[in-house]
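Asks: Test case, fold it:
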Amino acid sequence: MPALPKKSRVINMGSPTIRLKLIGYLYMLLSVCSFSFMVILTKYLNLISTVSPEEITFFRFFISFTVIVFVKFIFKKPTKTNNLRYLIERGVSNFLAVLFLFVAISMISATKANLYNMTYPIFVALIAHFSINEKLTKTSLLSVIIGFIGVLFVIKPNEFQNLHVGDVIGLLSGITAGYAVVSLKKASLSDAPFTILFYHMGIGFVLSCLLTLHSFVIPSTRIAFLLIINAILSLLGQYFLTYAYAYVTAVEGAVIASARIFFVAFLGVLLFNEYVSMSLIIGSLLIIASIIIINPGLHISKIKKLPSIF
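Replies: Numbering: from 1, shown residues only. Next up, the predicted model:
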């Protein structure tokens, strides 16, 4: 009787599980590319025009809210809220996070501004601990410490006396983004995802209108086109990110999402001749390590990911 063949150890790339993983990785990479190009395009707009960060923020929310309203009426999506307070918290904090990011990009390198914004998971752990009594685990605490050491390397302690206001605003984008994630958690306990998104974009649109009410300058056709592309990139980034986390784990998502730090840095050096120091590289690696560590250790979301603010 012939011997039975040994079980093959070759990975079947055609299996449903492998295919879904690859789809998840692809969506995550597309999300990284979309958000990275959004940051770079924002910097480009600052360099070639007089368009203000406030106006860029306005277009970002105007386009996003227009799309959301269109979806609401076409697909008859309900938007009645059960807790307006949490939705306002989410909308205001997210608006500030986006505004601070765009202001920081206009004042310092795109590489550093993006890096500061990517520190938001560190602040999620701290804000959740103090605002909703979320337990700060040893893993989360370790991640926070590593992340703050990384921030110090980026800022350079020996240059505190000459600290650029752009560094402070960039860090504020990370802090407010962290609060936006915590408020998203609170809002999700009482309202549906689409309702949260509707108010999130609506509040951002109203606030950006008020911010630019007396200073809005009608852009040229070319600049208006770039502003619309910038807003679309943000929407695509969020779309791809949402679908990616349906197929990948928190750690996998964190590792791939962290590539945005390197991608923006690469494009910043290539297109704008931005300077990347050794301390910035070390700080970036420490912040990435903290992001990877904190994703499985953070309990706030009770889901597979930390939501993106964009």
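
Asks: low-scoring stretches of the chain, by residue?
Replies: By pLDDT under 70, the weakly predicted segments of the chain are 1-16, 157-162, 250-251, 296-310.

Asks: For the chain, which segments count as helices?
Replies: Along the chain, counting by DSSP state H, helices occupy 16-48, 53-74, 84-107, 110-117, 120-131, 138-155, 165-188, 193-212, 221-244, 250-257, 259-272, 278-297.

Asks: Now do the longest one against helix 84-107, angle only.
Replies: Regarding helix 16-48 and helix 84-107, their directions subtend 60 degrees when assessed with axes from the mean of the first three to the mean of the last three C-alpha atoms, to 10 degrees.

Asks: re earlier: please identify the deepest-packed of the helices of the chain.
Replies: Of those, the one with the most neighbours on average (mean count of other C-beta atoms under 10 Å) is helix 110-117, at a mean of 28. C-betas here are computed from N, CA, C, even on glycine.

Asks: mind checking how far that one is from the chain centre?
Replies: 11 Å (C-alpha atoms, centre = their mean, to the nearest Å).

Asks: so what does it touch, helix or strand wise?
Replies: On a contact count with 3 or more C-beta pairs under 8 Å, 6 or more residues apart in numbering; DSSP states H and E, helix 110-117 meets helix 16-48, helix 84-107, helix 138-155, helix 165-188, helix 259-272, helix 278-297.

Asks: Show me what the first one is packed against.
Replies: Translated: helix 16-48. helix 53-74, helix 84-107, helix 110-117, helix 221-244, helix 250-257, helix 259-272.

Asks: chain center to the fourth one, what's the gap?
Replies: Relative to the mean C-alpha coordinate of its chain, helix 221-244 is positioned 13 Å out (C-alpha atoms, centre = their mean).

Asks: which residues make contact with that helix from outside it?
Replies: Identification of contacts with helix 221-244 by C-beta atoms under 8 Å, 6 or more residues apart in numbering yields 24-25, 27-28, 30-31, 34-35, 37-38, 41-42, 44-45, 49, 51, 55-56, 59-60, 62-64, 67, 219, 253, 256-257, 308, 310.

Asks: quick one on the thing from earlier: will you turn the helices and strands packed on helix 16-48 into TSV that also has distance to Lys185?
Replies: Output for the helices and strands packed on helix 16-48, formatted as TSV (distance: least, C-beta to C-beta, whole Å):
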stretch	distance to Lys185
helix 53-74	21
helix 84-107	9
helix 110-117	19
helix 221-244	16
helix 250-257	15
helix 259-272	23
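
Asks: Tell me which of the ones you listed sits nearest to Gly202.
Replies: Minimum separation from Gly202 across the helices and strands packed on helix 16-48 (C-beta to C-beta) falls at helix 53-74, 5.7 Å.

Asks: Other residues contacting that closest one?
Replies: 42, 45-46, 77, 79, 95, 98-99, 102-103, 105-106, 194, 197-198, 201-202, 204-205, 207-209, 211-212, 215-217, 219, 227-228, 230-232, 234-235.

Asks: mind redoing it with 7 Å?
Replies: 42, 45, 77, 79, 98-99, 102-103, 106, 197-198, 201-202, 204-205, 208-209, 211-212, 215-217, 227-228, 230-232, 234-235 (C-beta atoms under 7 Å, 6 or more residues apart in numbering).

Asks: For Ser220, grab phi and psi.
Replies: phi -70, psi 170 (degrees, to the nearest 10).

Asks: likewise Asp191?
Replies: The phi/psi pair for Asp191 (degrees, to the nearest 10) is phi -130, psi 150.

Asks: just checking, it touches Arg85?
Replies: No. Judged on C-beta atoms under 7 Å, Asp191 makes no contact with Arg85 at a distance of 11.1 Å.

Asks: what about Leu233, distance to Val32?
Replies: 12 Å (C-beta to C-beta, to the nearest Å).
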